[in-house]
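J.: sequence and predicted model, in that order:
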Amino acid sequence: MHEALRTFLALGAFLFAAGLILVLRFLYFFWIGESQGHIQSFILAAILILVGFLIHLLGLLADLIARNRRLSEEMLYRVRKMETGNSKDCQVMICFTCLIMHFNSILTLRDLVEV
């Protein structure tokens, strides 16, 4: 299965680090008094840091969408399995399954925030 979070985090970290290196370069030249002509590196650094951060956010969004899809598929599988079984327990089991899926999605979101 695809690991969107890991892929996007690696790409975003690379761009973010490149931006930080350029900021440090600009600060070095600013510190020694030769900041004239090095504004371009500062602008490029700001762009790289911003793009790196946005790629991090896209990775998080992609991972949330993938987890939501997996939970929806699991719930659909359980509902179809219950529909083919005993019909009198079907509604109770559907409510219970929906409650479990909701609880799992809350735990998943909490785990992502802690990462």
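T.: That came through, no problem. Numbering: from 1, shown residues only.

J.: hey, which helix or strand in the protein has the poorest pLDDT?
T.: helix 90-114 (a mean of 63; mean pLDDT, DSSP states H and E).

J.: helices along the chain, start to end?
T.: For the chain, applying DSSP state H gives helices covering 4-31, 39-84, 90-114.

J.: for the first one, buried residues please.
T.: Right, the one you point to is helix 4-31. For helix 4-31, the neighbour count (16 or more other Cβ atoms under 10 Å) marks 4-5, 8-9, 11-12, 15-16, 18-19, 22-23, 26, 29 as buried. Where you see a C-beta, it was placed from the backbone N, CA and C, and this is true even at glycine.

J.: just checking, what packs against that helix?
T.: With contacts taken as 3 or more Cβ pairs under 8 Å, 6 or more residues apart in numbering; DSSP states H and E, helix 4-31 sits against helix 39-84.

J.: just the longest one next, same as before
T.: Helix 39-84 sits against helix 4-31, helix 90-114, with contacts defined as 3+ Cβ pairs under 8 Å, 6+ apart.

J.: next, the angle helix 39-84 makes with the longest one.
T.: This means helix 4-31. If you take axes from the mean of the first three to the mean of the last three Cα atoms, to 10 degrees, helix 4-31 sits at 170 degrees to helix 39-84.

J.: hey, least reliable of the helices of the chain by pLDDT?
T.: Least confidently modelled of those is helix 90-114, at a mean of 63 by mean pLDDT.

J.: that concludes my questions; thank you for your assistance.
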